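>>> Here's a sequence, model it:
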Amino acid sequence: MKKALELISIPIPGIGHFVSTVEIAKLLFFRDDNLFITILIMKLPFTVDGSDAYIKSLADLSLKT
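Model prediction:
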């Protein structure tokens, strides 16, 4: 039995960092069943280039699965 691994990522606030972090997390997750990935997102007091809409879309998807 393989030991479970956990990866925690904290991307810099900005749409480019969010998207690339989520995409690499998806690739790693689907490659290994024993990998758990947590992405911590810092909420800024202002909107950064559409990142709020992207984060909301990911949250909506996770609620459906």
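>>> tell me what the strand or helix carrying S20 is packed against?
If you go by DSSP states H and E, S20 is part of helix 15-31. Where contact means 3 or more C-beta pairs under 8 Å, 6 or more residues apart in numbering; DSSP states H and E, helix 15-31 is packed against strand 5-9, strand 35-39, helix 51-64. For the C-beta atoms, the positions are set from N, CA and C on the backbone; glycine is no exception.
>>> one more time with 6 Å, if that's ok
strand 35-39, helix 51-64 (3 or more C-beta pairs under 6 Å, 6 or more residues apart in numbering; DSSP states H and E).
>>> what comes up buried for that helix?
17-18, 21-22, 25 (16 or more other C-beta atoms under 10 Å).
>>> Give me the distance from that helix to the chain's centre.
Distance of helix 15-31 from the chain centroid (C-alpha atoms, centre = their mean, to the nearest Å) equals 6 Å.
>>> For it, list the C-alpha coordinates in CSV.
Provided in CSV are the C-alpha atoms of helix 15-31 (Å, rounded to 0.1, in the frame of the first residue of the first chain):
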residue,chain,number,x,y,z
ILE,A,15,-5.0,35.1,-12.7
GLY,A,16,-1.8,33.8,-14.4
HIS,A,17,-0.6,32.2,-11.2
PHE,A,18,-4.0,30.8,-10.2
VAL,A,19,-4.6,29.1,-13.6
SER,A,20,-1.2,27.6,-13.9
THR,A,21,-1.3,26.3,-10.3
VAL,A,22,-4.7,24.7,-10.8
GLU,A,23,-3.7,23.1,-14.1
ILE,A,24,-0.5,21.6,-12.7
ALA,A,25,-2.5,20.4,-9.6
LYS,A,26,-4.9,18.6,-12.0
LEU,A,27,-2.1,16.9,-13.9
LEU,A,28,-0.5,15.7,-10.6
PHE,A,29,-3.8,14.6,-9.1
PHE,A,30,-4.9,12.5,-12.1
ARG,A,31,-1.4,10.9,-12.2
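>>> how many neighbours does D49 have?
12 (other C-beta atoms under 10 Å).
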